[in-house]
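Undergrad: Build me a model:
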Amino acid sequence: MAIMAVAFEQHGQLHYLDPADQSYAVGDYVLYPTTYGPEVAQVVWMSGATTQPGEPETSDASDGLPICDGPATAEDLARDQHNRAQAAKALVTARELVARHNLPMKLLAVDWIDRDPAVDLLVAIYFQTVGRVDFSALVPDLARALQARVDLRQIGSRDATRLCGGLGSCGRTFCCCTWMAKFEPISLRLARDQGMQTNPVGISGVCGKLKCCLSYEQAQYREFAKAAPERGALVTTPHGSGKVIGLAVPAEAVLVRHRDGQTLVCPLLSVNRVPIAQRVTAPIVSAVSAASNAATAATSAATTAFKNRTQPAPETAAE
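TA: Residues are numbered from 1 along each chain as shown. Got it, this is the predicted structure:
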């Protein structure tokens with residue numbers, strides 16, 4: 001079955017739909033079913049996955065997805081444009097009233113909802129703040145100014161970043177603004193496992209939380225750590241033996257410092273650990289030999305000193 005992805009904003013978050021029996025193309029405007037009724041969205045991707053003739057359908061890729069309410073008509077597009085303009089005006093009005101009440105609130109976005117079955121018109125205002133804010137006097141003023149029921153919704157820093165959008169350090173649009181459906185917990189352990197400096201400035205996103213992309217390659221790092229020698233391990237390579245001083249996980253290679261002082265990046269498949277017998281026995285034998293030689297030299301020196309001290313001095317001839 002075919003699946004299509006739609007977005008309410010340009011470069012916005014993707015939402016997936018089952019097109020049912022209708023055919024759409026990228027760029028078409030369709031109706032997406034929401035809690036408050038169908039809303040206009042634009043098709044940005046279409047799958048071409050279909051079963052082969054005569055092949056039984058073992059699974060339906062669109063199971064669990066909402067079904068598209070059909071193409072958007074000219075009336076739907078006009079309503080959507082009007083609601084967007086009203087939402088922009090409501091945001092300006094709300095910010096003026098917040099400044100008048102001198103409240104520490106940062107208003108981010110407004111939803112203009114005119115198809116809520118419980119109320120004729122609902123204006124949802126999303127805001128961000130630190131701590132608790134008493135906006136009991138603000139809500140009546142907003143309701144009178146907007147002539148609608150007002151719903152103030154406080155959101156966290158991650159959701160605020162998703163609403164505002166922007167570009168990440170990779171140069172692309174935030175993942176949370178495009179394809180991410182939900183936020184996964186990110187721990188500092190992921191940065192340590194990947195050998196990254198735990199500097200909050202370097203591993204934190206615009207939202208102030210740890211970057212979500214830290215989890216993308218974690219499975220690869222985990223599998224690489226099982227197969228690769230640890231740092232400090234003695235290994236043999238086609239260029240000779242040496243010690244592992246670093247790991248290059250994306251390249252599936254290790255950094256080896258050889259006995260001649262040369263440092264090379266060696267593919268993991270070309271690196272072999274030195275057996276424990278060779279790694280432990282040789283140092284022990286050399287250490288025992290050195291200790292034995294030192295003991296022998298000390299004994300010889302002590303014996304010579306003792307003989308020199310106990311042997312009588314030669315008598316001189318009398319004239």
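Undergrad: all contacts plus neighbour counts: C-alpha atoms, from now on.
TA: Noted.
Undergrad: OK, contacts around L17?
TA: The contact partners of L17, taken as C-alpha atoms under 8 Å, 6 or more residues apart in numbering, are I3, M4, A5, V6, Y32, S62, L65, P66, I67, C68.
Undergrad: Separate out the buried members of those.
TA: The neighbour-count test (16 or more other C-alpha atoms under 10 Å) applied to the contacts of L17 identifies I3, M4, A5, V6, Y32, S62, P66, I67, C68 as buried.
Undergrad: ok, back up a step: distance to L108, pLDDT and secondary structure for the contacts of L17 - can I get that in a markdown table?
TA: Formatted as a markdown table, these follow (distance: C-alpha to C-alpha, whole Å; pLDDT from 0 to 100; DSSP: H, G, I helix; E, B strand; the rest coil):
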| residue | distance to L108 | pLDDT | secondary structure |
| --- | --- | --- | --- |
| I3 | 32 | 89 | coil |
| M4 | 29 | 91 | strand |
| A5 | 25 | 92 | strand |
| V6 | 23 | 93 | strand |
| Y32 | 23 | 94 | strand |
| S62 | 33 | 54 | coil |
| L65 | 29 | 88 | coil |
| P66 | 28 | 91 | coil |
| I67 | 30 | 92 | strand |
| C68 | 29 | 93 | coil |
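Undergrad: from those residues, which single one is nearest A118?
TA: Nearest to A118 among those: Y32, at 19.8 Å, using C-alpha to C-alpha.
Undergrad: ranges for the helices of the chain?
TA: With helices called from DSSP state H, the chain shows them at 74-101, 138-146, 157-164, 188-193, 200-203, 218-227, 276-310.
Undergrad: Lowest average confidence across those helices, which one?
TA: Note on the helices of the chain: helix 276-310 shows the lowest mean pLDDT, a mean of 57.
Undergrad: circling back to that earlier point, out of the contacts of L17, which one sits closest to C207?
TA: Nearest to C207, judged by C-alpha to C-alpha, of these is V6 at 25.0 Å.
Undergrad: And the nearest residue to the closest one once chain neighbours are set aside, how close does it get to D151?
TA: Once flanking residues are discounted, V6 sits nearest to V43: 4.3 Å by C-alpha to C-alpha, 6 or more residues apart in numbering. V43 sits 30 Å away from D151, going by C-alpha to C-alpha, to the nearest Å.
Undergrad: quick one: which of those two has more around it?
TA: Each of V43 and D151 has its neighbours counted (other C-alpha atoms under 10 Å); V43 has more, 22 against 16.
Undergrad: Domain boundaries for the protein, per the record?
TA: Taking automatic domain parsing as the criterion, the chain consists of the domains 4-52+59-71, 78-160, 184-216, 224-276.
Undergrad: Next, the distance between the ends of the third one.
TA: For domain 184-216, the first-to-last residue distance is 11 Å (C-alpha to C-alpha).
Undergrad: Go through it and flag the buried ones.
TA: Quick answer for domain 184-216 (16+ other C-alpha under 10 Å): L190, A191, Q194, I203, G205, V206, L210, K211, C212, L214, S215.
Undergrad: For the fifth one, give me phi and psi.
TA: When you say that, I think you mean G205. Phi and psi for G205, reported as degrees, to the nearest 10, are phi -90, psi -170.
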